[in-house]
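1. Using only what follows, build the 3D model:
(one chain, ligands or ions: 2)
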Amino acid sequence: MAARHPVGQCRPVAERPSARGAGTPLYGGDIQLSYGSAILDGVNPFRFEGPIDPADLIGREAEVELLVRHALDRRIVSVAAPRRYGKTSLLRAAGARLEREHGFVVAHVDLLGLAGPEDFAARFGSAWRRATSGVKPLRRQLEQLAGGLSELGVTLLGSGLTVRRRERAPDGALAVVHALLDLPGEAEQPVLVVLDEFQALHAAWPQGEGVLRSHTQSPQQTGRVAWAFAGSEPSLLAAAFEDSGRAYYQQALRVPMRRLPDVELARGIAERFESTGRAAGVALGPIVELAAGHPQRAMLLAHLLHEAVPNGGEATERHWARALDTARRLVHDECTAVWESLTPPQRAALRAVHLAGSATAAGTGDTVSRASRQSAGTALVRRGLIELDERPGPRGGRRYRLVDPMLGDWLVQRSSG
Ligand SMILES: Nc1ncnc2c1ncn2[C@@H]1O[C@H](COP(=O)(O)OP(=O)(O)OP(=O)(O)O)[C@@H](O)[C@H]1O
Ligand SMILES: [Mg+2]
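-> Numbers count the residues shown, from 1 in each chain. Ligands and ions are numbered 1, 2, ... in the order given. Just a heads-up that it's a prediction; the model follows:
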């Protein structure tokens, strides 16, 4: 059977897919790589899509440490950060350490695109089944439970669990959710449950947070089970913990997740080049500067540079120019789609933030009113397109910046024609 190669991971040249015509570059030039299908040349240590292995993480030691400590104290934590900042990778790294060093059972439940209570039950049950696959008593307990719930549409299938809606038991899914959520509290082992893309729970099933809370804060679970809620739409996730009408209002400890520091990025990239017999050379500075601490953008640029540098070689200005050119072509469609989804005031606000650090800055060449740009700026924060810049501004004021530095680069390229 052919080995699976997650997007962005290395794949030997011999395994390149032939559907588009083997060896036909998608983007011209001699870099054979496609964003999303990862046709790669040799061993490239930089993955730029999907969660990465704990060993591949650059930095994040402090965050892993904090997550481990809170899990050992059986706390409820939240991790909110923009898209592709490494939330899932971080939680997997913390989970792996808890399993290895502290005997935890760790269940990772992905709620992205959740459809409702049946779907929640299926995802939770499947995650619990995967997490307990090596723990016989827990596995047997789930099998027995699923057998008892078959009337309510529950089936165990391979490594997963499915829940079908039954007309004659309209509240069946709720009963199944309750039964499944009881399981972590009954384990002898310490347990961490990660609910990734947590904001999707409220969106798909408004009562879901309350149902969950009745378990996470029950006497059976308090002090026994640790929970981590992660989300990639920061303002929506924040609402779950800051809105007094919501079940988890002020109930979770926040684990901050910021951009990666330049020094850590530079060291991590340089080391990975060296470990594969290449050197990042003069391109290291420009990569770190352009990526601005955005983890995925840094990996994308480093990946492309690695592709551009020959085996055993050191990056030159020419290699960097080639990598940058490919990166710009790879993100072009994504940036265009973002731009086209914005209203005129939002476009003006985005441009003003990029040029001057504030949606309402004067003199950025737009005729949109200050008030419109102000409310457009709020919408951009909610969408995770801009964020408060934690670095102090020139006069100590609040400054914003684009979350995605490649979107900023695209704006500049676009206006320079
Ligand atoms: N600490 C890190 N070191 C190296 N690369 C990282 C790091 N954090 C994130 N990345 C890069 O970001 C990519 C996305 O990571 P991950 O899927 O964990 O992020 P996420 O925040 O969960 O994303 P999403 O918002 O899509 O769920 C990885 O493939 C990798 O390229
Ligand atoms: Mg994720």
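
2. domains for this structure, by residue range?
-> 13-54+260-337, 60-254, 342-410 (automatic domain parsing).

3. per-residue pLDDT, the closest residue to ligand 1 within the stretch 101-250 of the chain?
-> In the stretch 101-250 of the chain, the residue that lies nearest ligand 1 is S232 (3.7 Å; C-beta to the nearest ligand atom). No exception for glycine: its C-beta is placed from N, CA and C like everyone else's. With respect to pLDDT, S232 scores 82.

4. How about the helix or strand H306 falls within and ligand 1, any contact?
-> Applying DSSP states H and E as the criterion places H306 in helix 295-308. Yes - against ligand 1, helix 295-308 shows contacts by C-beta under 6 Å from any ligand atom at 295-296, 299.

5. Output that helix as PDB, nothing but the C-alphas.
-> The C-alpha trace of helix 295-308 is given here as PDB (Å, rounded to 0.1, in the frame of the first residue of the first chain):
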ATOM      1  CA  PRO A 295       4.800  30.200  12.300                       C
ATOM      2  CA  GLN A 296       3.100  28.900   9.100                       C
ATOM      3  CA  ARG A 297       4.300  31.700   6.900                       C
ATOM      4  CA  ALA A 298       7.900  31.200   8.200                       C
ATOM      5  CA  MET A 299       7.700  27.400   7.400                       C
ATOM      6  CA  LEU A 300       6.300  28.100   3.900                       C
ATOM      7  CA  LEU A 301       9.100  30.500   3.100                       C
ATOM      8  CA  ALA A 302      11.800  28.200   4.600                       C
ATOM      9  CA  HIS A 303      10.300  25.200   2.800                       C
ATOM     10  CA  LEU A 304      10.500  27.000  -0.600                       C
ATOM     11  CA  LEU A 305      14.000  28.300   0.100                       C
ATOM     12  CA  HIS A 306      15.100  24.800   1.000                       C
ATOM     13  CA  GLU A 307      13.700  23.600  -2.400                       C
ATOM     14  CA  ALA A 308      15.500  26.300  -4.200                       C
END
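
6. The next helix-or-strand element following that helix vs ligand 1: in contact?
-> As assigned by DSSP H and E, the chain's next helix or strand after helix 295-308 is helix 317-340. No - interface with ligand 1: helix 317-340 contributes nothing (C-beta under 6 Å from any ligand atom), its closest point being 12.5 Å away.

7. heads up, I number from 317, so please use that
-> Let's use 317 as the start, then, which means that last one is helix 633-656.

8. Next up, the contacts around the closest residue to ligand 2 within the stretch 517-666 of the chain.
-> Among all residues of the stretch 517-666 of the chain, S548 sits closest to ligand 2, at 6.2 Å; criterion: C-beta to the ion. Taking C-beta atoms under 8 Å, 6 or more residues apart in numbering, we find S548 in contact with 396-401, 403, 513, 515, 700.

9. Equivalent analysis for S442, please.
-> Residues in contact with S442 (C-beta under 8 Å, 6+ apart) are 475-477.

10. So out of everything in the stretch 367-516 of the chain, what residue is nearest ligand 1?
-> Counting by C-beta to the nearest ligand atom, the stretch 367-516 of the chain gets nearest to ligand 1 through G402 (2.3 Å).

11. Quick one, grab the pLDDT at the residue nearest to that residue when sequence neighbours are not counted.
-> Nearest non-adjacent residue to G402, counting by C-beta to C-beta, 6 or more residues apart in numbering: P611, 4.7 Å away. Note on P611: pLDDT of 98.

12. same thing with P341?
-> Note on P341: pLDDT of 32.

13. H386 now?
-> What the model reports for H386 is a pLDDT of 97.

14. Count the residues that sit near it.
-> By other C-beta atoms under 10 Å, the residues close to H386 number 20.

15. Equivalent analysis for E459, please.
-> Other residues close to E459 by other C-beta under 10 Å number 12.

16. Pull the distance from the helix or strand containing A664 to the chain's centre.
-> Per DSSP H and E, A664 falls inside helix 660-672. Computed by C-alpha atoms, centre = their mean, to the nearest Å, the chain-centroid distance of helix 660-672 equals 25 Å.

17. contacts for it?
-> Around helix 660-672, the neighbours that count as contacts under C-beta under 8 Å, 6+ apart are 655, 658, 674-677, 679-682, 684-685, 688-693, 695-696, 701-702, 716-718, 723-724, 727-728.

18. Let's verify L576: helix, strand, or coil?
-> Here L576 is coil, with the state taken from DSSP: H, G, I helix; E, B strand; the rest coil.

19. What residue in the stretch 367-516 of the chain comes nearest to ligand 2?
-> In the stretch 367-516 of the chain, the residue that lies nearest ligand 2 is T404 (3.3 Å; C-beta to the ion).

20. So that residue: helix, strand or coil?
-> Following three-state DSSP, T404 is assigned to helix.

21. Now it: closest residue in space, sequence neighbours ignored.
-> Closest residue to T404 apart from its sequence neighbours, by C-beta to C-beta, 6+ apart: P367 at 4.1 Å.

22. now G584
-> Leaving aside its sequence neighbours, G584 sits nearest to I374 (C-beta to C-beta, 6+ apart; 3.3 Å).

23. mind listing what the one you found touches?
-> For I374, the contacting residues are 576, 580-581, 583-585, 611, 614, by C-beta under 8 Å, 6+ apart.

24. what pLDDT does it get?
-> I374 carries a pLDDT value of 97.

25. Can you tell me the SS state at it?
-> Look at I374: counting by three-state DSSP, its state is coil.

26. now do Y716
-> Here Y716 is recorded as strand under three-state DSSP.

27. Tell me the bridge partners for it.
-> Here Y716 sits in beta bridges with L704, as judged by DSSP bridges.

28. how many neighbours does it have?
-> Y716 has 24 neighbouring residues, counting by other C-beta under 10 Å.

29. And the nearest residue to R480 once chain neighbours are set aside, its phi and psi?
-> Distance criterion C-beta to C-beta, 6+ apart; nearest residue to R480, sequence neighbours excluded, is G469 at 3.7 Å. For G469, the backbone dihedrals (degrees, to the nearest 10) come out as phi 90, psi 10.

30. isn't G469 right up against E483?
-> No - using C-beta atoms under 8 Å, G469 makes no contact with E483, being 10.1 Å away.

31. ok, these two, which is more surrounded?
-> Neighbours per residue (other C-beta under 10 Å) separate G469 from E483, with G469 holding more: 18 against 6.

32. Now for that one: which residues touch it?
-> Counting by C-beta under 8 Å, 6+ apart, G469 touches 434, 478-482, 485, 488-489, 492.

33. That concludes my questions; thank you for your assistance.
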